[in-house]
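Engineer: return a 3D structure for these sequence lines:
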Amino acid sequence: MTRQPTLWKCPACGRRFAKRNQWHSCKAQSVKHHFRGKDPKLRETYDVLITRLRELGPLRIDAVKSGINLASKYHFGGVSVRQDYLRVGFLSDAVIVDERIVKRERLGPAKVGYGVILRAPNDVDEQLLGWFKRAYELQSGRPARPADRSKRRTDAQRRR
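Structural biologist: A predicted model of the protein is given here:
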């Protein structure tokens, strides 16, 4: 069995990182702060996304001034709250060609960062969750838990 490395904990802010003394901002913001003054539908969309991502396994929400980071052992995605949409980002080791992709950035020889815009809870669909699942597996080094479909509404139920 391979032992996972211990994460470094910043003594000033308490956040955990893969590398000792990793550069970061210690200026934390609450998730609530990110949604202040925004359309309540955006918070509902975020809540649906987080609920579904928790089905994958351990999830750490790391809200900072610039956005909301999503991590298992390591960072695998993020959420930026805009005035009328959420911009979500995730990592992949595959090329994704889809009209929903609004940003694509090569992050190394084997990783690509992607961005997608969400405007409503039903934008959190199986395709998006599949992309996040792969990102979660890449960064956590373990397979995501299978989803318990009996506990959640289907996409069709959410649209009603």
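Engineer: CA atoms for contacts and neighbours, from now on please.
Structural biologist: Noted.
Engineer: Gln83: neighbour count?
Structural biologist: By other C-alpha atoms under 10 Å, the residues close to Gln83 number 11.
Engineer: quick check: closest non-adjacent residue to the most centrally placed residue in the chain.
Structural biologist: Nearest to the geometric centre of the chain sits Gly77, at 3.6 Å (C-alpha atoms, centre = their mean). Closest residue in space to Gly77, ignoring its immediate chain neighbours: Phe90 at 4.1 Å, by C-alpha to C-alpha, 6 or more residues apart in numbering.
Engineer: that's a strand at the one you found, yeah?
Structural biologist: Yes. Phe90: assigned to a strand according to DSSP: H, G, I helix; E, B strand; the rest coil.
Engineer: surely it meets Phe76?
Structural biologist: Yes. Using C-alpha atoms under 8 Å, Phe90 is in contact with Phe76, at 5.8 Å.
Engineer: if I look at these two, which residues touch both of them?
Structural biologist: Phe132, Ala135 (C-alpha atoms under 8 Å, 6 or more residues apart in numbering).
Engineer: nearest spatial neighbour of Arg52, chain-adjacent residues omitted?
Structural biologist: Nearest non-adjacent residue to Arg52 (C-alpha to C-alpha, 6+ apart): Leu129, at 7.7 Å.
Engineer: check the secondary structure at that neighbour for me.
Structural biologist: Classified using three-state DSSP, Leu129 is helix.
Engineer: start and end of stretch 93-105, how far apart?
Structural biologist: Taking C-alpha to C-alpha, to the nearest Å, stretch 93-105 runs 12 Å from one end to the other.
Engineer: re the thing from before, what number of residues lie near the residue nearest to Gly77?
Structural biologist: 23.
Engineer: look at Thr51 and tell me its secondary structure.
Structural biologist: Thr51 - assigned by three-state DSSP - is helix.
Engineer: actually Arg134, not the one I wrote
Structural biologist: helix.
Engineer: contacting residues for the closest residue to it other than its chain neighbours?
Structural biologist: Leaving out its chain neighbours, the residue that sits closest to Arg134 by C-alpha to C-alpha, 6+ apart is Ser92, at 6.7 Å. The contact partners of Ser92, by C-alpha under 8 Å, 6+ apart, come to Lys111, Val112, Gly113, Tyr114, Trp131, Arg134, Ala135, Leu138.
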